[in-house]
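A.B. asks: generate a structure from the sequence data that follows.
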Amino acid sequence: MPSPPNSCARLRTSWPIWLVALTLGFGARAAAQEPEPEAAITEPAPTPQAPAPAGYTGVRELDQRMRAIGAVELGRTAADRPIWLASFGNTDAPGRPAVLIVANLEGDRLVASELALDLCKHFAAGSPLLDAAAVHILPAANPDAMAAVLAGEAPHRGRSIDDDHDGRTDEDPADDLDGDGQVLQLRIPDASGEWIVDEDDPRVMRKADRSAGERGTHRLEAEGHDEDGDRRNGEDGPGGVMLEANFPHRWRAHRPESSLFQLSERESRTIADFVLANPRIALVIVLDDEDNLAKPPSGASSSDTNSTEPRKQDAALLSIWSERLYAEVENKPRSAEHGYGNFADWAYFQLGLPVIESSVWSIPLDTQGPDGESGGSDEVKMLRWADQHLTDAFHAWTAVPRQFEGDARVADGDPGAEIGGWLPLVQHNPPAAELEAIGQRYRAFLDGMSEDFAQLTTKLRREERGAGIVAIELDVTNQGLLATMAEMGAATRRHVPVRAVLELPEGGTLLSGRRLQALPRLEGLGGTTTLRWLIQLPEGSQASVRLMSRTAGETLVEL
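C.D. replies: Below is the predicted model:
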């Protein structure tokens, strides 16, 4: 089911208190899921676990861990929190490529930050990847929003914005009407609404398909009062610019979440400045809400300012990496809808860098119910899994408390309004017990990339023509999986190509050819170009060619 307005409203209390409440309710939930005595059990029933954020790292602990490994502050956020960068391997070797890993740009993808922290620990202990490339990791690209969700609020950051365009900011926040410590959703009967109850599970609301003759029966809003009298509840709470809407590619003007101009926010500008200042970055990995490996795109033959599909040769790389990462994974993570103004698109479509996107984890959709049922919408399937594996995940729809009945500020006084919905953070962050297996898979995936970067080899042909005149042919071949620049990089023309510099001894003469040449883009796994010179050398002397690349190393070839 698409997220209704303000569906990301979070707990008002801190998460440890929420965890205590979940623990107290464990016995009742477990008992409710036990099979009847006469039912046949073919497999052990799963042990329900507490959902996120139990066992996850808080912002202060993250700060401590970053200081302990010698990470540096790239900058400070709008709320004056550090934006950490951890670097591993030799970052100064000429032509040595680098991998940039950016996690949790949305703020509520806690699993992405946990994975990034796990990778920091892994690279600090050593990895085959570090023999081929340096690695830079931003474990929490949006620490203000991360701090907000861990404090039980919506993932907001930065300056306040006028969500409802009424000239005021933050005047209508969500409210905990029933006092249960959770700010969820209101399900309000409304003939003009666009939502209906799903026939497979009455907890689920889905959009009415009017093309099929369906008529909406409800509207969905954030739990709360209508503080500003505009007949909507909780639509303008604490919040600011969305970091993942503030980057240049497909940036949308006149949208509060996009801010007044591109890269206006401290976090987005800090990240962009780092990328632009490091031309050795040969691969970007984004751990957030979108995924281009679970279902690799087929690729496009061209691109423009509104493109979201990678070029065909770059898409082929994604298919190779997808097979490596998910070859034995049944529950591949699902991708969010393609956003506007996000970091990954900017890095790929405007900078021409290869980009891997991973949403890391999603609730499995293949769980069978107590009676063997398996159909339904994705949300129905998600609830089926959550019922069996989590101590609590969904607040059953219950009537608005009596003290609010007839209150014009609550659901416009509509009778039958109910409070319920998914608990915060549950849908996108697994129980902490699953984090180790996730980390193990991604550690192996990154270790296996050590041979993927562009690797230049040469083959020399030399013909003596008398009087010290020598004809030279030099084949330069890329043996790595990655091209010397992405197909999109060749289109943007932002990358410095591989350069070949002919170095002659004193008295040597270049008769034909160019002393400095820029090599064309060399595709991976055998892309080749041939360089030619005709030179005249003094007796007993020798010339050489120096190949220089920002991401494929430097090579000196004696001629």
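A.B. asks: how close does Glu223 get to Arg65?
C.D. replies: Here the criterion is Cβ to Cβ, to the nearest Å. By it, Glu223 lies 35 Å from Arg65. The C-beta positions use only the backbone N, C-alpha and C, and glycine is treated the same way.
A.B. asks: so between those two, which is more surrounded?
C.D. replies: Under the criterion of other Cβ atoms under 10 Å, the comparison of Glu223 against Arg65 puts Glu223 first, with 29 against 17.
A.B. asks: can you pull the phi/psi pair for that one?
C.D. replies: Per-residue torsions, Glu223: phi -60, psi 130 (degrees, to the nearest 10).
A.B. asks: measure it to Asp366 for me?
C.D. replies: Distance from Glu223 to Asp366, by Cβ to Cβ: 31 Å.
A.B. asks: same deal with Leu263?
C.D. replies: For Leu263, the distance to Asp366 - Cβ to Cβ - is 41 Å.
A.B. asks: same thing with Pro401?
C.D. replies: 38 Å.
A.B. asks: which one of the two is surrounded by more residues?
C.D. replies: Using other Cβ under 10 Å, the more surrounded residue of Pro401 and Asp366 is Pro401, with 13 against 10.
A.B. asks: ok, now which ones touch that one?
C.D. replies: Leu177, Asp178, Gly179 (Cβ atoms under 8 Å, 6 or more residues apart in numbering).
A.B. asks: quick check on the closest residue to Ala518 other than its chain neighbours: phi, psi?
C.D. replies: Here the nearest residue to Ala518 in space, its sequence neighbours aside, is Pro497; by Cβ to Cβ, 6 or more residues apart in numbering that works out to 4.6 Å. Dihedral angles phi and psi of Pro497 (degrees, to the nearest 10) take the values phi -70, psi 170.
A.B. asks: same thing with Gly527?
C.D. replies: Here Gly527 shows phi and psi, under degrees, to the nearest 10, equal to phi -60, psi 130.
A.B. asks: for Val241, see how far away the nearest residue to it once chain neighbours are set aside is.
C.D. replies: Computed as Cβ to Cβ, 6+ apart, the closest residue to Gly527 that is not its neighbour in sequence is Asn478, at 4.7 Å. Separation of Asn478 from Val241 (Cβ to Cβ): 41 Å.
A.B. asks: look at the closest residue to Arg334 other than its chain neighbours and give its secondary structure.
C.D. replies: Of all residues not flanking Arg334 in the chain, Ser362 sits nearest, at 4.4 Å (Cβ to Cβ, 6+ apart). Applying DSSP: H, G, I helix; E, B strand; the rest coil to Ser362 yields a three-state assignment of coil.
A.B. asks: contacting residues for Ser362?
C.D. replies: Taking Cβ under 8 Å, 6+ apart, one finds Asn331, Lys332, Pro333, Arg334, His428 in contact with Ser362.
A.B. asks: out of the contacts of Pro401, who's the most crowded?
C.D. replies: Busiest of the contacts of Pro401 [other Cβ under 10 Å] is Leu177, holding 23 neighbours.
A.B. asks: is it true that it touches Ala417?
C.D. replies: No: in this structure, Leu177 is not within contact of Ala417 by Cβ atoms under 8 Å, at 9.3 Å.
A.B. asks: can you pull out the helices in this protein?
C.D. replies: 15-24, 26-33, 59-68, 110-125, 143-150, 266-276, 312-326, 343-345, 378-389, 435-447, 487-492 (DSSP state H).
A.B. asks: burial of the closest residue to Pro430 other than its chain neighbours, as a residue count?
C.D. replies: The spatial neighbour of Pro430 that comes closest, neighbours along the chain excluded (Cβ to Cβ, 6+ apart), is Trp361 at 4.8 Å. If you count neighbours by other Cβ under 10 Å, Trp361 ends up with 22.
A.B. asks: so which of the helices of the chain gets nearest Ala132?
C.D. replies: Smallest distance to Ala132 across the helices of the chain (Cβ to Cβ): 10.4 Å, for helix 435-447.
A.B. asks: list the buried residues for the closest one?
C.D. replies: Leu435, Ile438, Gly439, Arg441, Tyr442, Arg443, Phe445, Leu446 (16 or more other Cβ atoms under 10 Å).
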